[in-house]
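Undergrad: Test case, fold it:
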Amino acid sequence: MSDLKFMAETEGEIALVAATAKTILQVKLPANHRGLLKAWGVSFDGVSPTAEPVQVRLIRQTTAGTMTGATPRKVDSSISETILSTALKNATAEPTGGDQLRAVEVHPQGGYEEQLPFGDEYRIPGDGRVGIECTAPATVNVRGWMRCEE
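TA: Alright, predicted model coming up:
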């Protein structure tokens, strides 16, 4: 790893349909280059204080599904190396899921962030994928992000 940290974001709100799992963001590492997921998070724009929580899962995925491209950006723009990883957002056909890394319930008027301590980051193998999947009991919009290192 070259200490090239980058952000991948949904680049705006993504609408969740009630009771339907949706991958809102996925990061894919290049072949033969492993990396780390150092932090991730989601936030919602719900208005009801009595709404049920959104189920949010961080999962390894084995396919891309059908999604729109997202543009990863460097955390430190002074680093000259090029980001080799890619990002996708807003699945219209879900990727194939794999291991669940984390699952949380998040109130739709709030958000959740996880900053992983040094040495405990989630490892992403070369050619590996990690995605954020949300299932909301009612319609709500979400934003998501991941900070990674390759």
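Undergrad: per-residue pLDDT, residue 3?
TA: We have a pLDDT of 86 for residue 3.
Undergrad: So it versus residue 149, what's the distance?
TA: Separation of residue 3 from residue 149 (CB to CB, to the nearest Å): 7 Å. For every residue, glycine as well, the C-beta is placed using N, CA and C.
Undergrad: And for residue 107?
TA: Distance from residue 107 to residue 149, counting by CB to CB: 30 Å.
Undergrad: Comparing residue 3 and residue 149, which residue is more hemmed in?
TA: Shown here are residue 3 and residue 149; by other CB atoms under 10 Å, residue 149 has more neighbours (18 against 9).
Undergrad: so that one makes contact with residue 5?
TA: Yes. Shown here, residue 149 and residue 5 form a contact pair, counting by CB atoms under 8 Å, at 4.9 Å.
Undergrad: Can you check which residues contact both of the two?
TA: residue 38 (CB atoms under 8 Å, 6 or more residues apart in numbering).
Undergrad: Please pick out the residue of the chain most distant from its centre.
TA: In the chain, the greatest distance from the average C-alpha position (CA atoms, centre = their mean) is reached by residue 50, at 26.2 Å.
Undergrad: Retrieve the pLDDT associated with that residue.
TA: The predicted local confidence for residue 50 is 94.
Undergrad: Backbone dihedrals for it, both of them.
TA: Main-chain dihedrals, residue 50, degrees, to the nearest 10: phi -100, psi 10.
Undergrad: Relative to residue 8, how far out is residue 86?
TA: On the measure of CB to CB, residue 86 and residue 8 end up 9 Å apart.
Undergrad: How about the contacts made by residue 128?
TA: With CB under 8 Å, 6+ apart, residue 128 has these contacts: 28-29, 34, 60.
Undergrad: which stretches of this structure aren't confidently modelled?
TA: Within the chain, the segments meeting pLDDT under 70 span 1-2.
Undergrad: now the strands: where do they sit in it?
TA: 5-9, 14-16, 22-28, 35-44, 54-61, 66-70, 73-74, 86-93, 97-106, 111-115, 122-124, 129-135, 140-149 (DSSP state E).
Undergrad: For the fifth one, which strands pair with it and how are they oriented?
TA: Its sheet considered, strand 54-61 pairs with strand 97-106 (antiparallel), strand 129-135 (antiparallel) by DSSP bridges.
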